[in-house]
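Enquirer: coords please:
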Amino acid sequence: MLLSPQQLNDRLGSAGVLVVDVGDRSRYQKTHIPGAVQLDYEVLVKREPPAMGLAPEPDCLARDLAAVGISDDIEVVAYDSDGCGKASRLAWSLDWLGHPRHFILDGGLQGWLESDLPVGREPTQPKPAYLDEQARAPHCLVDSQWVLQRLNDPEVVLLDCRTREEYTGEQSLAERGGHIPGAVHLDWADLKDPEAAPALRSEAELRAMLAERGVTAEQDIVVYCQSHHRSSLMYVVLRTLGFAGVRAYAGSWSEWGNNPDLPVAVTE
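Expert: Presented below is the predicted three-dimensional model:
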């Protein structure tokens, strides 16, 4: 699910490829990858405060994506200028809808610019398409009750992608601080190469980080953060590494941490 800047450059201009900019609209109007269409990130989330990252209804999401030209016949390459979280949320959404072929640009727009590749200035007019209006891969998304029922299941690992301070409860962005009981921690920022962020670390480094935390390909892995923005990148990384049983808890901590009926763990 990852393409390097050069791999994307080799695809530019191909009839079956659609490049989607999920970054800031004002920045898109100044600089973007040639031929890229712009997608408003807000169509990828449903906000029901305090839960700020829920999945939209599949039919609404499919129509919004089709409006910018996404269909099953098109290879989609998403990028952003915000650390790859927004592009990854689109990639996860496409997985959930059952779209067959999509990628994110490793390093995002920053990586593209640092590779000294061409940029566009004029907006690209989307060509509306058709996308099946249902979630054809419903296993990609779980809710709080699914998680609650599996807290003691050894075949399920919860992967918290927030900062260490959020995980321990030292910093709280909800009514309650801490993490889902049993969750292991891997900050999404640690996925990125410290010498070339927001580009990702090598495959070997990523696999080692996961192995250190006991995350294996045989488990069902549920990723979460505050609003399934940061955890979307973790989802893409796991899928790229060949982990098959990857799911997202889109409600994440903005839902769980604000629901007094759900258990919370803190770390001293």
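Enquirer: the nearest residue to residue 150 once chain neighbours are set aside: neighbouring residues, count only.
Expert: The shortest distance from residue 150 to any non-neighbouring residue, by Cβ to Cβ, 6 or more residues apart in numbering, is to residue 156 (4.5 Å). The way it works is simple: take the backbone N, C-alpha and C, and place the C-beta from them, glycine included. Look at residue 156: counted by other Cβ atoms under 10 Å, it has 19 neighbours.
Enquirer: bridge partners for residue 156, pull those for me.
Expert: Residues in a beta bridge with residue 156, per DSSP bridges, are residue 220.
Enquirer: who touches it in this structure?
Expert: Shown in contact with residue 156 (Cβ atoms under 8 Å, 6 or more residues apart in numbering): 150, 219-222.
Enquirer: columns distance to residue 2 on top of those, output as TSV?
Expert: As requested, these are exported to TSV (distance: Cβ to Cβ, whole Å):
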residue	distance to residue 2
150	29
219	22
220	22
221	18
222	21
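Enquirer: quick one: end-to-end length of stretch 139-152, please.
Expert: 19 Å (Cα to Cα, to the nearest Å).
Enquirer: flag every buried residue along it.
Expert: Across stretch 139-152, burial judged by 16 or more other Cβ atoms under 10 Å covers 140-142, 144, 147, 150.
Enquirer: now do the strands in this structure.
Expert: Remark: strands assigned in the chain by DSSP state E are 2-3, 17-21, 37-38, 46-48, 51-54, 75-79, 102-105, 141-142, 156-160, 184-185, 220-224, 246-249.
Enquirer: phi and psi next, for residue 171.
Expert: phi -120, psi 130 (degrees, to the nearest 10).
Enquirer: does it touch residue 163 like I think?
Expert: Yes. Counting by Cβ atoms under 8 Å, residue 163 is a contact partner of residue 171 at 6.9 Å.
Enquirer: quick one, which of these two is more surrounded?
Expert: The residue with more neighbours, out of residue 171 and residue 163, is residue 163; 19 against 12, by other Cβ under 10 Å.
Enquirer: sorry, back to before: tell me the most buried of the strands of the chain?
Expert: Neighbour counts (mean count of other Cβ atoms under 10 Å) averaged over each of these peak at strand 102-105, with a mean of 26.
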